[in-house]
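[1] next one to model:
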Amino acid sequence: MTHRDCCGDTGVAVLRAYHDCGSQGYIRPDHGRHLWNESPGTFRSVYSLYDRTLGVQYMLGVWDTLDRLQV
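    Residues are numbered from 1 along each chain as shown. Next comes the predicted model:
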């Protein structure tokens, strides 16, 4: 979901499809990285707390943008 634009807009297209059909379900990033000071045993590989948070905020930002474009 947090891929760069040069890699394609698949993530945005998926969110647009859910947005356009009025989905009210949950969203969550499907992967992440190990960041900052998360120590072994306090995170699951590719599901670090901070990176999941960044991913969710990215998706919510895309969703808010889609709301504004619809007006």
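
[2] now the helix or strand in which residue 64 is found: buried residues?
    Using DSSP states H and E, residue 64 sits in helix 49-70. Of all the residues in helix 49-70, those buried under the rule 16 or more other C-beta atoms under 10 Å are 51, 52, 54, 55, 59, 62. Glycine gets a C-beta too; all of them are placed from N, C-alpha and C.

[3] which one of those residues is nearest residue 15?
    Taking C-beta to C-beta as the measure, residue 15 lies nearest residue 62 of the buried residues of helix 49-70, at 5.0 Å.

[4] would you agree residue 24 falls within a helix?
    No. Residue 24 is assigned coil when assessed by DSSP: H, G, I helix; E, B strand; the rest coil, not a helix.

[5] burial count for it?
    By other C-beta atoms under 10 Å, 5 other residues sit near residue 24.

[6] verify the contact between residue 59 and residue 15 for me.
    Yes. At 6.3 Å, residue 59 counts as touching residue 15 under the criterion of C-beta atoms under 8 Å.

[7] shared neighbours of those two, anything?
    Residues touching both residue 59 and residue 15 (C-beta atoms under 8 Å, 6 or more residues apart in numbering): residue 27.

[8] within the helices and strands, which one has residue 12?
    Following DSSP H and E, one finds residue 12 within helix 10-20.

[9] quick one: mean pLDDT for that helix?
    Over the span of helix 10-20, the pLDDT mean works out to 88.

[10] what's the angle between it and helix 49-70?
    60 degrees (axes from the mean of the first three to the mean of the last three C-alpha atoms, to 10 degrees).

[11] can you pull the buried residues of helix 10-20?
    In helix 10-20, counting by 16+ other C-beta under 10 Å, buried: 11, 12, 15, 16, 19.

[12] thanks again, I'm all set now.
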